[in-house]
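>>> please find the sequence and the predicted model below.
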Amino acid sequence: MSVKIRLARRGRKKQAIYDVVVADARAPRDGRFIEKLGTYNPNTNPASININNERALTWLLNGAQPTDTVKAMLSYRGVMLKKHLQIGVLKGAISQEQADAKFNAWLSEKDTKIEGKKDQLAAAKADARKAALAAETAKNQARIDAIKAREAAAVVAAEPAVEEVEEETPAAEAPVVEEETPAAPEVEATSAEEPVVEAAEEVEAPVAEETAPAVEAAAEDTTSSEAPAADTADAGSADGGAAGE
């Protein structure tokens, strides 16, 4: 029977957490297991890995095969390094004290890195929160400034409108005065035209008077010319009568 160290899923939908278990390779993923070694929560940053290192090392030394994910987690917790050192102790390459000293040094360095990463993430989160707060404050201030500017523009736009209304009132009355004023010149023009007519009549009157004497003179000439003729005729008849007698 092959034994595997693998993950068994549990938890809510989209909030899954996993148990690190030792189980028969033929068992279902979430089925029966032999031993629970710890938990794995990928929902945190960094991920939370809680494993019993001693029991995991024992199962590894007994031949249990971890899955790729579990192997990465065991390396992260130093279990794979401790297995390598323990094999060296069993072969006599190093002593147990040397193996423990190397493992403790590595573990201390690893814990320092983990704490540094946590602090860095916390600082980045705080900076992001401050930046978001500053951006929100600037946005609100910009909105307030825009509202004030719009209100000021409305007030400024309303003042010229009142002045235009005041200026348009005399302008509306002015055309009435201008329309009445030209009416007087028309009367004056009419009165001015009358002397022109009279002058024309005066100009024509002398012509008529001059024509009348000419006609009269012509008539007198005609009468005078006809009168002698009549006198001559009368004289002839008189002479003829006298001769007959």
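Received the coordinates, thanks.
>>> and the gap between Asn140 and Ala146?
Separation of Asn140 from Ala146 (CB to CB, to the nearest Å): 11 Å. C-beta here means a position set from N, CA and C on the backbone, and glycine is covered the same way.
>>> ditto for Ala153
Ala153 is 10 Å from Ala146, where distance means CB to CB.
>>> where does the prediction get shaky in this protein?
Low-confidence segments of the chain, defined by pLDDT under 70: 1, 160-245.
>>> can you give the domain ranges for it?
3-94, 120-183 (automatic domain parsing).
>>> so of these, which one's packed in deepest?
Mean neighbour count (mean count of other CB atoms under 10 Å) peaks for domain 3-94 among the domains of the chain, with a mean of 15.
>>> for Ala8, which three-state class applies?
strand (DSSP: H, G, I helix; E, B strand; the rest coil).
>>> excluding chain neighbours, what is closest to it?
Closest residue in space to Ala8, ignoring its immediate chain neighbours: Asp19 at 4.5 Å, by CB to CB, 6 or more residues apart in numbering.
>>> could you pull up phi and psi at the one you found?
Main-chain dihedrals, Asp19, degrees, to the nearest 10: phi -100, psi 140.
>>> same question for Val21.
phi -130, psi 160.
>>> SS state for the nearest residue to it once chain neighbours are set aside?
Spatially, and ignoring its direct neighbours in sequence, Val21 is nearest to Phe33 (3.8 Å; CB to CB, 6+ apart). Under three-state DSSP, Phe33 falls in the coil class.
>>> what's near enough to touch Phe33?
Contact analysis of Phe33 by CB atoms under 8 Å, 6 or more residues apart in numbering lists Ala8, Asp19, Val21, Val22, Ala23, Ala27.
>>> how close does it sit to Ala8?
Taking CB to CB as the measure, Phe33 falls 6 Å from Ala8.
>>> what do those two both touch?
By CB under 8 Å, 6+ apart, Phe33 and Ala8 have these common neighbours: Asp19, Val21, Ala23.
>>> which among those residues gets closest to Arg129?
Asp19 (33.7 Å; CB to CB).
>>> surely the closest one touches Arg10?
Yes: using CB atoms under 8 Å, Asp19 is in contact with Arg10, at 6.4 Å.
>>> ok so, going back, distance of the residue nearest to Ala8 from Ala154?
Counting by CB to CB, the gap from Asp19 to Ala154 is 67 Å.
>>> kindly state the beta-bridge partners for the residue nearest to Ala8.
Ala8, Thr39 (DSSP bridges).
>>> check contacts around it.
Neighbours of Asp19 in contact, by CB under 8 Å, 6+ apart: Leu7, Ala8, Arg10, Phe33, Lys36, Gly38, Thr39, Tyr40.
>>> one more pass at 10 Å, please.
6-11, 30, 33, 36-40 (CB atoms under 10 Å, 6 or more residues apart in numbering).
>>> what's the overlap in contacts for Asp19 and Arg10?
Applying CB under 10 Å, 6+ apart, one finds that Asp19 and Arg10 are jointly contacted by Asp30, Thr39.
>>> isn't there a strand covering Gly105?
Quick fix: residue 105 is Ala, not Gly. No: Ala105 is assigned helix when assessed by three-state DSSP, not a strand.
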